[in-house]
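Visitor: Structure here, sequence nowhere to be found:
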């Protein structure tokens, strides 16, 4: 610490720092220095580094050695620059003291303006500016701010004094106050400070300064700052810098003004001046919203039909200078800037510049335009877009301008928004939809049996389950908005109603589900349809040039497969064949198969199912001609296909020729304590090979039917735990291929692979790779087993685990790199040791998560596979990961 | 192969092989060679190695080069030894051709006796022996055996011919047949061989020999041999040796005999001659049981009251020689021998010796006695006992002499046997037991709510669940016999009956559950009580001297803790505190706690529970004074404590002041999709710290109450997945210890540790070890998560996985060393890297499995912990593991 430079001075044309030092100087301080280097009009000042903040908070609120002396020297220099002197009774220098951290934390920390005023300097200010009212107004503003921020006297006391004064003097608004009024107020303010703080307001400007600096450093650890950092993932040890800067005044009469501006339109990205200003006002007045700000450009004013003149018309010279500053800044920072400015008696000062926030759509437009203007490269354009933000472009969103009552919140499980009448069962959803009604399916949780209802519904809402619960996964696959784990909802299926606190939701009540934010709203809320502009296409094209990772989609239906191709998927990474069994007729056959009393009944069911499977595969292979299609054979436990024992079993019992009672008993006996770890996946094929055999025959037949323009077929076995088990299943597939060849003359060409979805498979990846030509990491199940966490039950504690920092993120949203990641990395290394050209992919929900994609790039996987809607996100994220890696 | 010696000759006083070559010569061949070296009377012969068998089966049933020549040379040597010649028409040498593998496979493979007989040599045999009937009887026996074993003519054809002949000639038994009868039979036998095999019986003795050798090698792969090897874990690639040996005859008149003998009593271990013999008979007659064999010693005959003379009385000289042989063999092999002998016209021949099978009790007695006789060392005595066999000594067993009808089988989940009336609910079990009735609790599966019923019942039977299902684990802990996963049982709770095939079992029907074998019997079967002899104590003492691993017990109740100490446990490795909540009153308080409407109700419940917990801990600590006690804080999901929503909720709803309907809804909402991966363990403490805090306070208070003679307290957090989570919980414990210190002046002394029971914890063991002073591997859950296998649901497929060789053993019985073992080893290494003196133990069910204990020794754990009944087994297994390791 003792060797570090503590104070970084700046002023027009010179600066100790620059934009590269934002870690040390904060974003604001670094950019102020940068602007000074560019020769822009910046009031002189100095920045106290974040290291001082860290030292201060670690050393019982002591400043490091030499700190005060350095500040005094810097202050003298500011005075010299501005032609004033701090505390001087003739030309007093006034300063602002503002926080400024590395990441923007708007409004979270404290600020003190007009510092340096006291009973003497206020008179000098009045003299120098020739505006006594201004001087006393400034002083009372300072007293108010200093009293609150530094001396801990609540804001309310000061407001009360002003209110009392108004009442006593029959004044209705601040504007009516004269110099004497403000002088009187100042006196009262000093008195209340003395009363409430137990000590006098300090007249010594340096005493004021030390107090203000302390207060700003301390405000790094106030509650709202801590909360904000948690939410934004900002490390606590960064600390804030403090900027001390000469005051300039936008409230020195009609030739003064203050405003904020964007160099482009942050809403749509158009290249036009965008912002607002106020005449004769201080910066905080714009923010406070007491007076309505005016437009900057004449065009904007005319477009809006406003009569009050724009800055362009009111102060053409300052406006022209502002335009020149905009150009300099955009050209220098190569990004849209968000600028604060003040005009003091006709003279323009820039107080802040930073990269401006923008909508996704605007971001796309700006990035593509700046590339075309030659400001940035295609790489840079690609890096500028947050992949996750693309979701806004791909799904309908709630109209932010319409207010609707929020009744509860859950997890944003599948993006998009939709409205409909609440129904509590999948059958009801289907029936109502058939009548032309929009419905929202509300369940505690969904199971594979509910898929027809989820398909029929406009949106899905569940009271349990996480971001990768069954409901979430299926809804994302189907492109239905979904809010999951809205745990405040208590559902009473029998009564066909749900309770949310005191609200009762009955069947038929209309609600809106916003799967993008997790909100559930009462009634119908209007939505905005997405539009994919040409900018989107351009950017995705640039992104694809950089990608190393291929991007595939998880898809079973023709609709999903077509959507996947449209969104640029390079094949299907996961066909969940079980999803093909859920239409009403097939599930009946499936149930006959599972509950069959003898081999004959079983065969009958299989004979009915096989042509259906074959038809599905023909459709998929046709859509995906030329691309890889990875087919996962039946995965879930058989009892997931069965009706509830309470359901009507008449038809089934007649078909199978057993009593309903016996059937119920059989169904009950098939239930499992922990189905996720149950009799499923490859385990089904080991105990009942007929189903996989049927599926393999259907695949081979479909390959024969599409042989003129074939897809590349990859057959995958789920839940593998041992090499011998995998070998056994590979033999089964090759044996059936032999039969196919014997019967039809040509042998189907396919590769065989294994899911890696339990830790044992990852640990034995080298052995599995002797049989598998590819691996697909099923990171959903691998996460569940590695952490011992059921995704359907995690909602009750996972938020606490993330909040307390036990886990970096919800491990079902972003891969748990420090835990599950070890296994994935280990398995990839072991697998390549056995088989260097093994193809490695990931097909869990994580396949569409940018952080996970970065991880996949790092460990060298070949592809990611995600739901069709996530494909563009994955393409962009993969490109960014590749660019970042190439830079290292 | 070409360089190997193919044929190993032997005869009295010389042998090419010895007892060390059993892998090559099989057990029988190696011991024959060894006996020849000892100068014992062994008929000359030669052994064909197992390598030939392997070659033969790998090369399309061809013999290796030089094989025939070597056999012919060896046969000539045998002839010279015996003064006969193979195929000679004057003094023909007859031989036996017998299998003999490395491990005993009694009766699984084929044998041919009297080989060398044909139409010519039979006449010579008649002349040489002077017994024409004997010669033709021997010939027909040979034809029959050769026809069946070598030429594939079913045994039945030969039996039928003899039956027909008896009928035609009005003969009632074989003994009435004369030489002419047998000659006639021989003719008919040759004819049927010609008819059925399509070729003539070979008259050429070498043709006979090659055929017999082939048949014996091939019989290595017959179905019953393969099945036997699977059951006994004998590798398929070992192959069998073949022994060709000169025939000697026990059926050459009244001075000939044959018998089997043990050098000690294999039933009780007493040092006395034990065995039986038959005058004028061949070896197979003893086995076939047509005539009742007689005693060897006079004492045994007198004890049994039999009139027929013993061998000692009948042939005193041969008996004396036999006694001498016994002594030589025991002194040489240092173990009880199981011997086959033949006396041919007064001359004794030893045909086989091997270590004899014995009961556990006999094994103990023999080992301890042999040590005292100076035959073996204490080490050797310890190594001789199969640890698992000790179970027979620790539990009641079914009287093997009583026949009771077996109705079904399940898994032998908790050893011991008991009878009682069937009941279908825990409540009913408790009520009936209160009335003084013995009951067996029959459930599909049990849950923690059933514990009072399991405690009340004499035995537990379930239709689902594996060897480590809830039922199995709890029953073992309680010392109740249990058969789990008896999947043929279909339970109808409403009808209070169960179906097993066509058998209906109604409430009140008496059954017997044999948890040692997995059998379920109809009615009451008498049992034998265990008795622990002084030999047991001696052996365990010797074992304890060798052990490196400490052995602790899993125990919660004072009864279990006392049993554990009695069985030699060195502390408690796992106190499952949740088991302390299951008595009727406490579970009510627990339910109030979980379902509490507000903080006050919650506190009331906690205030009632804390003194109860404290009382339990005081009892445990007192019993375990001076020893470590590892307390695992609450582990299972809260809903395991709740009643079924269908149960009577009146009292609970009144106490909590909510409607039953609301309560039902709350209970339903707490249910989980996969409770094993649910909201449990440390996760409870993170979301609802009150319960752990209550438990910690109770522990500290109990420590205070027992401070004069304290146990060593280790507090353990379950289901840890991250170091930050563990740190958080350690802080919680230390904070409460601070409070305890502040309130009572002394700080409780304890260590803090973590369960390692999900893969993530194992992967991050180095990080966890910064906070944990000990680890306990919860291998049950670690197995479930590493393999993705729910132990409660594994019954349906796990047997197939073991049978097909995908897994070496049921991973819930013996640790999956090649999968889960990797994680345990990795975690141990990582943990010691961070904290070299970290204490490492295992507390899953595997802690009592000898193979797992061997693994624990190898990876260097500090202790194993198992159910109290397993403690002696673990002590012995740990000693054996240490001895084996020290030898390497």
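Guide: Nice, I can see it. Keep in mind the model is a prediction, meaning the values are calculated, not measured.
Visitor: all contacts plus neighbour counts: C-alpha atoms, from now on.
Guide: OK.
Visitor: wait, residue A:413 sits on residue A:467?
Guide: Yes. Counting by Cα atoms under 8 Å, residue A:413 does reach residue A:467; the two are 5.0 Å apart.
Visitor: Show me whatever sits in contact with both of those two.
Guide: residue A:484 (Cα atoms under 8 Å, 6 or more residues apart in numbering or on different chains).
Visitor: Looking at these two, which is more packed in?
Guide: residue A:413 (31 against 26; other Cα atoms under 10 Å in any protein chain shown).
Visitor: so after the helix or strand hosting the more buried one, what's the next helix or strand?
Guide: Taking DSSP states H and E as the definition, residue A:413 sits inside strand A:411-414. Note on strand A:411-414: by DSSP H and E, the next helix or strand toward the C-terminus is strand A:417-423.
Visitor: Mind giving me the packing neighbours of that following strand?
Guide: With contacts taken as 3 or more Cα pairs under 8 Å, 6 or more residues apart in numbering or on different chains; DSSP states H and E, strand A:417-423 sits against strand A:439-443, strand A:459-462, strand A:510-514.
Visitor: Direction included, what does it pair against?
Guide: As defined by DSSP bridges, the strand partners of strand A:417-423 come to strand A:439-443 (parallel), strand A:510-514 (antiparallel).
Visitor: Residue B:36: which of the ones you listed is closest?
Guide: Closest of the strands paired with strand A:417-423 to residue B:36 is strand A:439-443, at 81.6 Å (criterion: Cα to Cα).
Visitor: Which pLDDT value goes with residue A:3?
Guide: Model confidence at residue A:3, given as pLDDT, is 60.
Visitor: Then residue A:429?
Guide: On the pLDDT scale, residue A:429 gets 90.
Visitor: how about the spatially closest residue to it that is not a sequence neighbour, secondary structure?
Guide: Leaving aside its chain neighbours, residue A:429 sits nearest to residue A:453 (5.2 Å; criterion: Cα to Cα, 6 or more residues apart in numbering or on different chains). Three-state assignment for residue A:453 (DSSP: H, G, I helix; E, B strand; the rest coil): helix.
Visitor: who in the stretch 601-750 of chain A is up against chain B?
Guide: Contact residues, the stretch 601-750 of chain A versus chain B (Cα under 8 Å from any Cα of the partner chain): A:665, A:669, A:672-679, A:683, A:686-687, A:719, A:721-725.
Visitor: rewinding a little: make TSV out of the helices and strands packed on strand A:417-423 and add mean pLDDT.
Guide: Shown next, in TSV, are these (pLDDT from 0 to 100):
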stretch	mean pLDDT
strand A:439-443	95
strand A:459-462	95
strand A:510-514	94
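Visitor: between those strands, which one is nearest to residue A:38?
Guide: Per Cα to Cα, nearest to residue A:38 of these: strand A:510-514, 46.0 Å.
Visitor: Quick one: residues in contact with that closest one.
Guide: Against strand A:510-514 from outside (Cα under 8 Å, 6+ apart): A:397-398, A:412, A:415-422, A:440, A:459-461, A:481-483, A:519-525.
Visitor: at 6 Å what do you get?
Guide: Outside strand A:510-514, the residues within contact range by Cα atoms under 6 Å, 6 or more residues apart in numbering or on different chains are A:417-421, A:520-524.
Visitor: now that strand: how far from the chain's centre is it?
Guide: 21 Å (Cα atoms, centre = their mean, to the nearest Å).
Visitor: before we move on, what about stretch A:25-43?
Guide: For stretch A:25-43, the distance to the chain centre is 30 Å (Cα atoms, centre = their mean).
Visitor: Stretch A:78-88 now?
Guide: 46 Å.
Visitor: What of stretch A:511-529?
Guide: Counting by Cα atoms, centre = their mean, stretch A:511-529 comes out at 18 Å from the chain centroid.
Visitor: what's the answer for stretch A:650-658, then?
Guide: For stretch A:650-658, the distance to the chain centre is 51 Å (Cα atoms, centre = their mean).
Visitor: Please apply the same query to stretch A:525-542.
Guide: Relative to the mean C-alpha coordinate of its chain, stretch A:525-542 is positioned 18 Å out (Cα atoms, centre = their mean).
Visitor: any idea of the mean pLDDT in it?
Guide: Per-residue scores along stretch A:525-542 average to 83.
Visitor: ok, now stretch A:388-396?
Guide: 80.
Visitor: Get me the contact residues on the stretch 51-200 of chain A for chain B.
Guide: By the rule Cα under 6 Å from any Cα of the partner chain, no part of the stretch 51-200 of chain A lies against chain B.
Visitor: what ranges do the strands span in the stretch 51-200 of chain A?
Guide: Assigned by DSSP state E, counting those that start in this stretch, the stretch 51-200 of chain A shows strands spanning A:85-86, A:92-93, A:95-101, A:111-115.
Visitor: ok, and what's touching the second one?
Guide: In this case it means strand A:92-93. Counting by Cα under 6 Å, 6+ apart, A:84-86 sit against strand A:92-93.
Visitor: Can you list the strands that it pairs with?
Guide: strand A:85-86 (parallel).
Visitor: same deal with the third one?
Guide: In the sheet containing strand A:95-101, its partner strands are strand A:111-115 (antiparallel), strand A:240-246 (antiparallel), by DSSP bridges.
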